[in-house]
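Here's a sequence, model it:
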Amino acid sequence: MNAIEIENLSKNYYLGEITYKDLYNDILSVIPFTKHSNNKKSINALNNINLIIPSGKTVGLIGKNGSGKSTLLKLISRITIPSHGSIKVNGKLTSLLEVGAGFHQDLTCFENIFLNGAIHGLTNKEMKRKLDFIVEFSEVGDFLYTPVRRLSSGNYIKLGFAVAISVDPDILLVDEILSVGDIFFREKAKKYLEDFSKKHNKTTIFVSHNLDFLSEFCQETILLNSGKLIDFNKTEFIIQKYKSL
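Next up is the predicted model:
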């Protein structure tokens, strides 16, 4: 079975005074003749992407700044919607796309753990069973009842990562953010992700500018450039292709 199937996917963003920060305006932005789309210049962030990612793969995603990497992950995560095309996701998906995503700044770490569990459809009883794992893995036990806005960026990442993996997703999207954590946590997270894919037939898509990490960790890698899919192939081959752009 394939984890993700993408067909004829494009995403346009409109430039101008108005920016779209919610789903309602995002939808309006792709409807012709609305006040949002009239007389607005657009940028083609992704252009006609066709891609199939099999289940059980650890996949890298690379490209120059502005190539469309983050846009692709946001589309797969359904944070935003395509301008054209379709995305089919088979299984439960969770994503770590930016520091603190999904956390309420004024709630404590403890409260955010349960809030995120509810967002992913888990009950309080289920989250209580996972609490010890989350606290131990994230290493934020001393800050459990502290509002998350007081956490360092590193502790933010640790907590976000621990909560994301605790919901037992079939597909995990990670956008560079593990680089914020300390080297010891990165190694622990890396080990978990290796086991996550190999032992449980899970799928991970990992954006990183660290080519050595991708070479060691990812079996295959996607290369984007200027919103276009250049290739999806063995990581070493893709890295050489990336360097020649």
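
Pull the distance from stretch 80-95 to the chain's centre.
11 Å (CA atoms, centre = their mean, to the nearest Å).

Quick check: end-to-end length of that stretch?
Start-to-end span of stretch 80-95 (CA to CA, to the nearest Å) is 13 Å.

which residues in this protein form strands?
According to DSSP state E, the chain carries its strands in the segments 2-15, 41-54, 58-62, 84-89, 93-96, 171-175, 203-207, 220-225, 228-234.

which stretch among these comes nearest Glu111?
Closest to Glu111 of the strands of the chain, according to CB to CB: strand 93-96, at 18.8 Å. No exception for glycine: its C-beta is placed from N, CA and C like everyone else's.

list the helices and strands the helix ranked longest in the chain packs on?
Longest helix of the chain, by residue count under DSSP state H: helix 183-200. With contacts taken as 3 or more CB pairs under 8 Å, 6 or more residues apart in numbering; DSSP states H and E, helix 183-200 sits against strand 58-62, helix 153-166, strand 171-175, strand 203-207, helix 211-217.

I'd like these laid out as JSON lines, including mean neighbour count, distance to Arg129 and mean pLDDT.
JSON lines is the format used below for the helices and strands packed on helix 183-200 (neighbours: other CB atoms under 10 Å; distance: least, CB to CB, whole Å; pLDDT from 0 to 100):
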{"stretch": "strand 58-62", "mean neighbour count": "24", "distance to Arg129": "27", "mean pLDDT": "94"}
{"stretch": "helix 153-166", "mean neighbour count": "22", "distance to Arg129": "10", "mean pLDDT": "88"}
{"stretch": "strand 171-175", "mean neighbour count": "22", "distance to Arg129": "20", "mean pLDDT": "89"}
{"stretch": "strand 203-207", "mean neighbour count": "23", "distance to Arg129": "24", "mean pLDDT": "91"}
{"stretch": "helix 211-217", "mean neighbour count": "16", "distance to Arg129": "29", "mean pLDDT": "86"}
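
Now distance to Asn116 too, for the ones you listed, in TSV please.
Below are the helices and strands packed on helix 183-200 laid out as TSV (distance: least, CB to CB, whole Å):
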stretch	distance to Asn116
strand 58-62	24
helix 153-166	5
strand 171-175	14
strand 203-207	19
helix 211-217	25
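
Tyr192: which of those is closest?
The closest of the helices and strands packed on helix 183-200 to Tyr192 is helix 153-166. By CB to CB, the value is 6.4 Å.

Please export the C-alpha coordinates of that closest one as PDB.
Taking C-alpha atoms only, helix 153-166 is exported to PDB below (Å, rounded to 0.1, in the frame of the first residue of the first chain):
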ATOM      1  CA  SER A 153      12.900  26.600  21.700                       C
ATOM      2  CA  GLY A 154      14.700  23.300  22.400                       C
ATOM      3  CA  ASN A 155      12.300  22.200  25.000                       C
ATOM      4  CA  TYR A 156       9.400  23.200  22.700                       C
ATOM      5  CA  ILE A 157      10.700  20.900  20.100                       C
ATOM      6  CA  LYS A 158      11.300  18.100  22.600                       C
ATOM      7  CA  LEU A 159       7.700  18.300  23.800                       C
ATOM      8  CA  GLY A 160       6.200  18.700  20.400                       C
ATOM      9  CA  PHE A 161       8.200  15.700  19.100                       C
ATOM     10  CA  ALA A 162       7.200  13.500  22.000                       C
ATOM     11  CA  VAL A 163       3.500  14.300  21.700                       C
ATOM     12  CA  ALA A 164       3.600  13.800  17.900                       C
ATOM     13  CA  ILE A 165       5.100  10.300  18.200                       C
ATOM     14  CA  SER A 166       2.900   9.300  21.100                       C
END
